[in-house]
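Enquirer: Next come a sequence and a model predicted from it.
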Amino acid sequence: MSAFSANRRRILSLWLPRLPTDRIKRQFARGNAAPAKRNSGDDDPCIVVARQNNALLISALDDAAADLGLEISLPLANARAICPHLQVFDADEAADAHALNAIADWCDRFTPLVALDSPHGLFLDITGCAHLFGGEAVLMRMACDALARQGFAVRAAIAGTSICARTLTRCADGCIVGDGEEAKAIEPLPVFALGADDTITRGLRRAGLKTIGEVAFRDRHEITARFGAKFTTLLEHALGQGDAPISPRKPLPDYIVEKRFAEPVSTEGEIAATLSRLAQMLVVAMERQGKGARRLEAHFFRTDGVVRAIVVDTGQPVTRAEVIDRLFRERLDALNDPLDPGFGFDLVRLSASRTEIVVQQQRDLDANVHDNDELAALIDRIAARIGGRRVVVHLPQDTHIPERAAMAASAQHHLATAAHAVWPARVEGEPPLRPLRLFEKPEPIKVPFATVPDGPPHHFTWRRATHAVVRVEGPERIAMEWWKHGGQALTRDYFRVEDEAGLRFWIYRDGLYGSELVNEESKPKPANWFVHGLFA
């Protein structure tokens, strides 16, 4: 065995050759709205067509259509001549990708390292976990049987490299290749099994190279000169002489605990009790390394292949099982779409996808620490119920621009920063410089005339109501940040004005007379006025 194969990973490749048609049939079986089809007949062979070069060609077909001799890339007119009663559907790549991602979510039950092999395949890194299912053969059979029950045609193979495993699924379904035996396993296979471009495959056949073994026998520099370095790399990976790492869809969580059921569970009490036990197991695992959870994810695997996920974020590292249990209860109670168990869940998994080292603090004598803990716990519960983006704190920003003077940030992640933030102090005995209510976007007002060059208006119209100005404070001149706007933003003159009814407004003129308020001919142009807020 070579040094390279000594540390070889084990990759399970799943290929779903009938994914588009299987997806459509599942939609019919569930009673969901199926894609628009071009003719009727529910028991007739099914094909999916896509437009290529201004012609409708078959892009996918089911077993019944394949038995009639139909093939991929056959024109629709020819297919209908062979079988007039075809069910024809339009291709939907987005729906196919969504279905493949859903299958990938379900495959997380075997390993968290699942990668897409688009358009109709998956890679599962099962290194070190096959023994949990009784071995590689049992694991592969479990995955294929479960997907078949869900209505998907599937082919599978296991090898030391992803390319070798994928190649085997095309022509050697169910094959398990040991380390160092990749070349021997794929040499008899036809060259199209490599999945190279059709141009390369046709070129190999014209050169008399019909099997992978015949191609592998030729010198590498000959293959590279004729078909390119990319194909040479593909061939070497298929032969086990190198490997390209797969790209898992999700990062590996820091901690995972799960519970599998021989008989599916569906009642709320059983689900809640399972989450409580998993929370205790997770806390024990994190406590050994002094960690606390900042993001928790619960995944519920249904027997029909549907996976539901619930995510909970926390403001501080959580180290108590009862806190985790309470947060998930809040989240479950607030779901608009209830956690439908269908025919039951056969696997429930709880993971901590983000953790932090827990800093021990004295909590018996420090009242501030107790207050902070209670406030953080309250924010976590509210965020679990209505969403973390809706619970915010405001932080001061180093800018004179009024609408940017405060930034809304997540309360869970910025609570400590908000507690120590320093805001501009109000001058004792002076009226406030900023309004109690600041509009998110300044609203335009109509000003018939104002004192030039920097005076306030005598009256203005806002929201169809006219206000006569009786008192004025200002102007307060605020120049825009030229380094952010490229010098295009105008200077503002702000006024605090009061009308005859005692209402106080914060208004401004956009631009300076004589310098900024000029047209292309250097002639004066009228100013635009806005109301930016209301004082108490």
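Expert: Received the coordinates, thanks.

Enquirer: Tell me where the stretch 251-400 of the chain has strands.
Expert: With strands called from DSSP state E, counting those that start in this stretch, the stretch 251-400 of the chain shows them at 255-265, 291-302, 307-318, 345-357, 392-396.

Enquirer: Need the residues that contact the one helix or strand Arg51 maps to.
Expert: Assigning secondary structure by DSSP states H and E places Arg51 in strand 46-52. With contact meaning Cβ atoms under 8 Å, 6 or more residues apart in numbering, strand 46-52 is reached by 20-21, 24-25, 38, 56-62, 64-65, 70, 76, 79, 86-91. Quick note: C-beta positions are derived from backbone N, CA and C, even for glycine.

Enquirer: Can you tell me which of these end up in strands?
Expert: Among these, DSSP state E puts Leu56, Leu57, Ile58, Ser59, Ala60, Leu61, Gln87, Val88, Phe89, Asp90 in strands.

Enquirer: could you give the mean pLDDT of the strand holding Arg51?
Expert: Strand 46-52 carries an average pLDDT of 91.

Enquirer: tilt between it and strand 55-61?
Expert: Taking axes from the mean of the first three to the mean of the last three Cα atoms, to 10 degrees, one finds that strand 46-52 is oriented at 140 degrees with respect to strand 55-61.

Enquirer: Output strand 46-52 as CSV, nothing but the C-alphas.
Expert: C-alpha atoms of strand 46-52 as CSV (Å, rounded to 0.1, in the frame of the first residue of the first chain):
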residue,chain,number,x,y,z
CYS,A,46,-42.5,10.3,-18.0
ILE,A,47,-39.8,12.6,-19.5
VAL,A,48,-38.4,16.0,-18.7
VAL,A,49,-37.5,18.3,-21.6
ALA,A,50,-35.2,21.4,-21.8
ARG,A,51,-34.7,23.8,-24.6
GLN,A,52,-31.2,23.6,-26.2
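
Enquirer: What subset of the contacts of strand 46-52 is buried?
Expert: 20-21, 24-25, 56-62, 64-65, 70, 76, 79, 86-89, 91 (16 or more other Cβ atoms under 10 Å).

Enquirer: number of nearby residues for the closest residue to Pro112 other than its chain neighbours?
Expert: Spatial nearest neighbour of Pro112, excluding adjacent residues (Cβ to Cβ, 6 or more residues apart in numbering): Leu252 at 5.5 Å. For Leu252, the tally of surrounding residues (other Cβ atoms under 10 Å) stands at 11.

Enquirer: Touching, Leu252 and Thr111? I think so.
Expert: No: Leu252 is not in contact with Thr111 according to Cβ atoms under 8 Å; the separation is 9.8 Å.

Enquirer: Return the most buried member of the strands of the stretch 251-400 of the chain.
Expert: strand 291-302 (a mean of 21; mean count of other Cβ atoms under 10 Å).

Enquirer: Parallel or antiparallel, which strands does it pair with?
Expert: Here strand 291-302 has these sheet partners by DSSP bridges: strand 307-318 (antiparallel), strand 345-357 (antiparallel).

Enquirer: Quick one: distance of stretch 469-483 to the chain centre.
Expert: 44 Å (Cα atoms, centre = their mean, to the nearest Å).

Enquirer: Could I get the average pLDDT for that stretch?
Expert: 87.

Enquirer: Mind listing residues that contact that stretch?
Expert: Here stretch 469-483 has contacts from 399-402, 431, 433, 454, 456-460, 489-500, 508-509, using Cβ under 8 Å, 6+ apart.

Enquirer: Take that stretch, keep the C-alpha atoms, and write them as PDB.
Expert: Presented in PDB, the C-alpha positions along stretch 469-483 are these (Å, rounded to 0.1, in the frame of the first residue of the first chain):
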ATOM      1  CA  VAL A 469     -43.200  79.300  12.100                       C
ATOM      2  CA  VAL A 470     -43.300  81.400  15.300                       C
ATOM      3  CA  ARG A 471     -40.000  80.500  17.000                       C
ATOM      4  CA  VAL A 472     -36.700  79.400  15.500                       C
ATOM      5  CA  GLU A 473     -33.300  78.100  16.800                       C
ATOM      6  CA  GLY A 474     -30.500  77.600  14.400                       C
ATOM      7  CA  PRO A 475     -29.000  77.100  12.000                       C
ATOM      8  CA  GLU A 476     -26.800  74.100  12.900                       C
ATOM      9  CA  ARG A 477     -24.700  73.400   9.900                       C
ATOM     10  CA  ILE A 478     -23.700  69.800   9.200                       C
ATOM     11  CA  ALA A 479     -21.400  69.000   6.300                       C
ATOM     12  CA  MET A 480     -21.700  65.600   4.800                       C
ATOM     13  CA  GLU A 481     -18.800  63.100   4.800                       C
ATOM     14  CA  TRP A 482     -17.200  63.800   1.500                       C
ATOM     15  CA  TRP A 483     -14.900  60.700   1.700                       C
END
